[in-house]
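Colleague: Okay, structure incoming, though there's no sequence with it:
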């Protein structure tokens, strides 16, 4: 038998040369997986007390949030109930301010029947304000009359100045309606506010003096314009 000397250093092989590449990759992957699992287990063990503390804190926060939401809900309910009680108190007050619809109804009834002194029951019924204080309604109409009178006076002064400059009376088409805003109601005819009560008062007086109310007629010569002028004169008395 022939023996051959072999140098070990020249035959030194690593596992990459001994074990097939596919098996070696699987072994390395298994080792890496074990390392990762060991690291994860260690990390979980170290963080366990912290997670427990956070869990307790979160539970306490949840209870606190629930109590806060309940307190806010009760506060909203109390505010809503207070608002309802306040509205009930306001509605029960016969001298509470008129809203836009109520103001319109009162003005419409005023235009239809005239002064509250002459046709109080009709005006109250027509305006649907039977639950209101009548002295308060009178003060509302007085305020409307005062605002309208001021607006009409200012307009009359402007018309007078224009007529003086023109040297002749203004034609009817050149005269503009005098409108005022009252409360939430806009463009109320101030001249109608001033003229309607004396007009209707004069009309009722003329009708009463007529023998047969059913046969009463206005002559052609004393229609709207003449009646309005007489009403103005009657109102100034």
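Modeller: Alright, I've got the coordinates. Everything quoted here is computed from the prediction, not taken from an experiment. Numbering: from 1, shown residues only.

Colleague: drop to CA atoms for contacts and neighbour counts, all remaining ones
Modeller: Will do.

Colleague: chain center to stretch 130-138: distance?
Modeller: Offset of stretch 130-138 from its chain centre (CA atoms, centre = their mean, to the nearest Å): 27 Å.

Colleague: Am I right that residue 189 is in contact with residue 177?
Modeller: Yes. In this structure, residue 189 is within contact of residue 177 by CA atoms under 8 Å, at 6.9 Å.

Colleague: Show me what the helix or strand where residue 102 lies is in contact with.
Modeller: Here residue 102 sits within helix 100-113, counting by DSSP states H and E. Here helix 100-113 makes contact (CA atoms under 8 Å, 6 or more residues apart in numbering) with 116, 119, 122-124, 126-129, 141, 183-185, 192-193, 196-197, 200.

Colleague: Can you list the buried residues in that helix?
Modeller: Across helix 100-113, burial judged by 16 or more other CA atoms under 10 Å covers 103, 104, 105, 106, 107, 109, 110, 111, 112, 113.

Colleague: Same question for stretch 186-203.
Modeller: Within stretch 186-203, the residues that count as buried by 16+ other CA under 10 Å are 188-202.

Colleague: The residues you listed in helices, which ones?
Modeller: Members of those lying in helices (criterion: DSSP state H): 190-202.

Colleague: tell me which of these is nearest to residue 96?
Modeller: Proximity of these to residue 96, judged by CA to CA, is greatest for residue 193, which lies at 23.1 Å.

Colleague: what's the pLDDT at that closest one?
Modeller: Residue 193 is assigned a predicted lDDT (pLDDT) of 96.

Colleague: As a check, name the ranges of all strands in this protein.
Modeller: Along the chain, counting by DSSP state E, strands occupy 179-182, 185-189.

Colleague: Rounded mean pLDDT for the helix holding residue 102, please.
Modeller: Here the average pLDDT along helix 100-113 is 96.

Colleague: And the pLDDT at the closest residue to residue 159 other than its chain neighbours?
Modeller: Spatial nearest neighbour of residue 159, excluding adjacent residues (CA to CA, 6 or more residues apart in numbering): residue 170 at 7.5 Å. Looking at residue 170, its pLDDT is 83.

Colleague: how many neighbours does residue 217 have?
Modeller: Neighbour count for residue 217, taken as other CA atoms under 10 Å: 10.

Colleague: Please report the distance of it from residue 199.
Modeller: Using CA to CA, to the nearest Å, residue 217 is found at 16 Å from residue 199.
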